[in-house]
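[1] All I have is the shape, not the residue letters:
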């Protein structure tokens, strides 16, 4: 009897567990496996329902060099809930053509172990390949090399010497050690020092898009014909919010240096400081314009979509206005809507995808509108939807205008509704609706009920064994 009851409990328990929805919060994605030498092999971690980007350490792969890391966040609204997906991507480069074995590996994400199978990646010769090419301001690095004697220097680099207000520029902090430098050294209280350095360097009048570095990667570079190991500690893109110039003062990094010059067979470690050079970024004000203090700065284009191009008065349609390009995507303002009596245009649903790297911040921001036409006729939407921005490349203002046209045929919406119900708009009598009624999350209720049943079955199982 006990055995029969136990089998029934196990079957019920198994059915309930498998009936519950399986939801992967994080996963590993592998990029293309057929690449040219100038292309990186990509490993990405995708985290769903994550407001904050976690710290992730990617594996070291034999014969492949770790380089830049990028982070992408996408935000959208589904059934009235904000959904955020974080994607962190690590780049790996090969020094020569060939087949490379990527062994199986695991990555820890918020206490969860993600597993990836073994695979083969093929790198082939491409049109061009620059060995050890530097990201950033190479001229500034070469000037720093001229001023050092032992082949070691700390560098704060930027990719521009001047920028418009709200235009992005890159910042990178790296320690460079020549391969033939006559010293041995190691990092000393690094995390504590880095936080102090960033506290000094981070300008208060800039929007920061941090790429995110969880580990120091040794990268081989060539400067003035000399081979160096670059230890990159921080990289981000900054967007000036005011017209004040930005000063990055000189900062200091202490390293433990092995000194055996005065002793025999005894290594003596001393703390030695390395300082960066100060850098100033000139911030330029935008040319005169009525919206000078509001427009986005960067390089953008428009993609749009209309759910229908022929409708009746009073029939709602969706219109997607998507701005994509390079710039501060998060701060992109909504299009300017020209007031009119031909449409009811309701506030948009907003979603965005932002990819952050040292080279740039790119992405898209989508404004999804509901439109209800009131009168018949043909209406070019470019008259009503406009988005003005400052093009940092041409150094001129530009306007993204809709190229769609909406044709409305049928009886006038206002007159038709007056004759039927006396209503003049889609949202009439909205104030009379009860907004205090609580909405129910049936999915969560079902999940809680399932968990309760599992607990009850466990209690019954325990009681059966006790008897």
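    Yep, it's here. Note that this is a predicted model, so its numbers are computed, not measured.

[2] Which parts of the stretch 251-400 of the chain are strands?
    Taking DSSP state E, counting those that start in this stretch, the strands of the stretch 251-400 of the chain run over residues 252-259, 268-275, 279-284, 296-306, 310-311, 317-327, 336-337, 343-356, 361-373, 377-380, 385-391, 396-401.

[3] where does the residue nearest the centre of the chain fall, helix, sheet strand or coil?
    In the chain, the centroid-proximal residue (CA atoms, centre = their mean) is residue 72; its distance is 2.5 Å. Recorded secondary structure, residue 72: strand (DSSP: H, G, I helix; E, B strand; the rest coil).

[4] So what pairs up with it in the strands?
    Beta-bridge pairing for residue 72 (DSSP bridges): residue 87, residue 355.

[5] Thought residue 84 was touching it, still the case?
    No: when contacts are counted by CB atoms under 8 Å, residue 72 is not listed as touching residue 84 (11.1 Å). All C-beta atoms are positioned from the backbone trio N, CA, C, and that covers glycine.

[6] From residue 186, how far off is residue 255?
    Noted for residue 255: a distance of 7 Å to residue 186, by CB to CB, to the nearest Å.

[7] neighbour-wise, which of these two wins?
    For residue 255 and residue 186, the more surrounded residue by other CB atoms under 10 Å is residue 255, and the numbers stand at 21 against 10.

[8] Distance of that one relative to residue 289?
    In terms of CB to CB, residue 255 sits 49 Å off from residue 289.

[9] Residue 246 too?
    Distance, residue 246 to residue 289, using CB to CB: 23 Å.

[10] and of the strands of the stretch 251-400 of the chain, who's closest to residue 41?
    strand 343-356 (17.6 Å; CB to CB).

[11] packing partners for the closest one?
    strand 64-78, strand 206-210, strand 361-373 (3 or more CB pairs under 8 Å, 6 or more residues apart in numbering; DSSP states H and E).

[12] Low-confidence stretches in this protein?
    1-24, 77-80, 126-150, 213-214, 259-267, 411-444, 465-467 (pLDDT under 70).

[13] domain parsing for it?
    2-21+440-466, 31-131, 132-285, 296-428 (automatic domain parsing).

[14] that older thread, now render the strands of the stretch 251-400 of the chain as a markdown table, adding distance to residue 454.
    Below are these laid out as a markdown table (distance: least, CB to CB, whole Å):
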| stretch | distance to residue 454 |
| --- | --- |
| strand 252-259 | 54 |
| strand 268-275 | 58 |
| strand 279-284 | 59 |
| strand 296-306 | 45 |
| strand 310-311 | 50 |
| strand 317-327 | 42 |
| strand 336-337 | 51 |
| strand 343-356 | 36 |
| strand 361-373 | 40 |
| strand 377-380 | 57 |
| strand 385-391 | 52 |
| strand 396-401 | 54 |
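
[15] list the contacts for residue 246?
    203, 205, 206, 238, 240, 280, 281, 283 (CB atoms under 8 Å, 6 or more residues apart in numbering).

[16] Nearest to residue 125 among these?
    Closest to residue 125, out of all of the contacts of residue 246 and judged by CB to CB, is residue 238, at 37.3 Å.

[17] give me the beta-bridge partners of that closest one?
    Beta-bridge partners, per DSSP bridges, of residue 238: residue 169, residue 208.

[18] burial count for it?
    Neighbours of residue 238 using other CB under 10 Å come to 24.

[19] quick one: it from residue 333, how far?
    When distance is defined by CB to CB, residue 238 is 20 Å away from residue 333.

[20] show me what contacts the nearest residue to residue 255 once chain neighbours are set aside?
    Among residues not flanking residue 255 along the chain, residue 185 sits closest, at 4.6 Å (CB to CB, 6 or more residues apart in numbering). Residues in contact with residue 185, defined by CB under 8 Å, 6+ apart, are 152, 177, 255, 256, 257, 258, 272.

[21] okay if I get the helices and strands packed on strand 343-356 as CSV plus distance to residue 38?
    Conversion of the helices and strands packed on strand 343-356 to CSV gives the following (distance: least, CB to CB, whole Å):
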stretch, distance to residue 38
strand 64-78, 12
strand 206-210, 25
strand 361-373, 19
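
[22] of all these, which gets the most neighbours per residue?
    Burial of those is given as mean neighbour count (mean count of other CB atoms under 10 Å); strand 361-373 ranks first at a mean of 20.

[23] Just checking: what are the partner strands of that one?
    According to DSSP bridges, strand 361-373 forms sheet pairs with strand 317-327 (antiparallel), strand 343-356 (antiparallel).

[24] Next, the buried residues of the last one.
    When neighbours are counted by 16 or more other CB atoms under 10 Å, the buried residues of strand 343-356 are found to be 343, 344, 345, 348, 349, 351, 352, 353, 354, 355, 356.
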